[in-house]
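In: Would you be able to build a 3D model of this:
(one chain, ligands or ions: 1)
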Amino acid sequence: MAFPRVQTSRGELRIHESLDDLSTDLVEYISELSDASVKERGVFTIALSGGSLIGLLGKLSEAPYNKTIDWVKWYIFWTDERVVAKSHPDSNYKLAKDGLLTKVPVIPSHVHSINDSLSAEDAASEYEFGIRQLVKTRLISVSDINDCPKFDLILLGMGPDGHVASLFPDHSVLGVKDEWVTFITDCPKPPPERITFTLPVINSASNVAVVVTGGQKAEAVRQAINAADVGPNSVLPARMVEPTTGKLVWFLDQQAALKLDGVAVSK
Ligand SMILES: O=C1O[C@H](COP(=O)(O)O)[C@@H](O)[C@H](O)[C@H]1O
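Out: Next comes the predicted model:
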């Protein structure tokens with residue numbers, strides 16, 4: 001289905017009439033990036049988030065993508081994870097495993113989830129160490145302008161408060177510049193203990209897609225994309241997503257896009 005793609009200073013906006021259309025476009029976008037990356041580098045490194053995003057990826061396990069995507073070339077990571085057992089309903093790994101990973105032929109050793117037997121601090125540093133090894137061998141590319149990993153695609157959701165990954169508004173974690181993966185133990189949204197990619201890692205990716213649906217997120221979408229009245233001290237985490245050389249695409253449904261200036265959506 002045709003839909004408008006709007007270029008803005010905050011990236012490309014793709015606004016869809018229904019969740020079904022959004023999901024169709026999102027999986028096609030992922031498939032195209034996967035093809036391009038496998039052709040260019042022989043692998044596709046993708047970092048998933050948790051939350052509502054995962055339900056929108058279900059079509060990847062259906063025709064044609066279950067057969068056309070080169071699944072064995074996928075290396076899968078998480079932008080953030082809750083420090084709970086992998087079998088716990090709050091686990092982002094479990095969400096992706098149940099919703100996608102068990103339905104497609106990814107190679108289990110290519111699935112890089114956290115060690116759930118460690119403390120949040122140790123899990124974050126072990127996760128970062130693992131990523132550093134893969135950057136060393138260039139399985140994960142490296143940024144041209146800093147030493148950060150350059151994932152082929154980072155997929156983010158956004159909460160109604162504007163958080164992305166486990167980077168929450170007004171949290172000191174937003175200022176972490178010298179680590180790739182860090183931890184929090186006071187997350188305002190349960191569960192409290194989490195690990196998360198830092199902003200420098202998110203902003204070093206080749207492609208970042210932020211997927212946001214529902215009217216309860218419309219104000220945060222406005223502030224993340226086009227509010228001119230947001231002061232420097234109250235910048236939403238989602239507004240701090242600004243890939244340095246990579247491409248940013250927002251996948252929105254009409255409800256989430258309702259408050260955007262200058263974008264026509266049927267109300
Ligand atoms: O806690 C989290 O929330 C965000 C947003 O989730 P959503 O259900 O509102 O889409 C998610 O992207 C993040 O990975 C998760 O840990």
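
In: Going by C-alpha atoms from here, please, whenever you check contacts or count neighbours.
Out: OK.

In: So which bits of this structure are right by the ligand?
Out: Within the chain, the positions near the ligand by Cα under 6 Å from any ligand atom are 49-53, 80-81, 156-159, 164-166.

In: Tell me which helix or strand Val208 sits in.
Out: Element membership of Val208, judged by DSSP states H and E, is strand 207-212.

In: now what about that strand, what contacts it?
Out: Contact with strand 207-212 is made by 53, 151-158, 202, 221, 243, 246-253, 256, as judged by Cα atoms under 8 Å, 6 or more residues apart in numbering.

In: and that strand, which strands flank it?
Out: Paired with strand 207-212 in the same sheet, following DSSP bridges, are strand 153-157 (parallel), strand 247-253 (parallel).

In: next structured bit after that strand?
Out: Reading on from strand 207-212 to the C-terminus, the next helix or strand found by DSSP H and E is helix 218-225.

In: any idea of the angle that following helix forms with strand 247-253?
Out: Compare the direction of helix 218-225 with that of strand 247-253 by axes from the mean of the first three to the mean of the last three Cα atoms, to 10 degrees and you get 160 degrees.

In: What mean pLDDT does helix 218-225 get?
Out: Helix 218-225 carries an average pLDDT of 96.

In: packing partners for it?
Out: Judged by 3 or more Cα pairs under 8 Å, 6 or more residues apart in numbering; DSSP states H and E, helix 218-225 is in contact with helix 254-257.

In: just how off-centre is the helix it packs on within its chain?
Out: Distance, stretch centre to chain centre, for helix 254-257: 19 Å (Cα atoms, centre = their mean, to the nearest Å).

In: Contacts for it, please.
Out: 15-18, 212-218, 221-222, 263, 265-266.

In: rerun that using 10 Å as the cut-off
Out: 13-19, 22, 160, 211-222, 225, 251, 263-267 (Cα atoms under 10 Å, 6 or more residues apart in numbering).

In: related to what we said a few turns ago, got the CA coordinates for the strand holding Val208 in PDB?
Out: Extracted as PDB, the C-alpha positions of strand 207-212 are listed here (Å, rounded to 0.1, in the frame of the first residue of the first chain):
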ATOM      1  CA  ASN A 207      20.500   2.600  10.400                       C
ATOM      2  CA  VAL A 208      18.200   3.400  13.300                       C
ATOM      3  CA  ALA A 209      14.500   2.800  13.100                       C
ATOM      4  CA  VAL A 210      12.200   4.000  15.800                       C
ATOM      5  CA  VAL A 211       8.800   2.300  15.800                       C
ATOM      6  CA  VAL A 212       6.000   4.000  17.700                       C
END
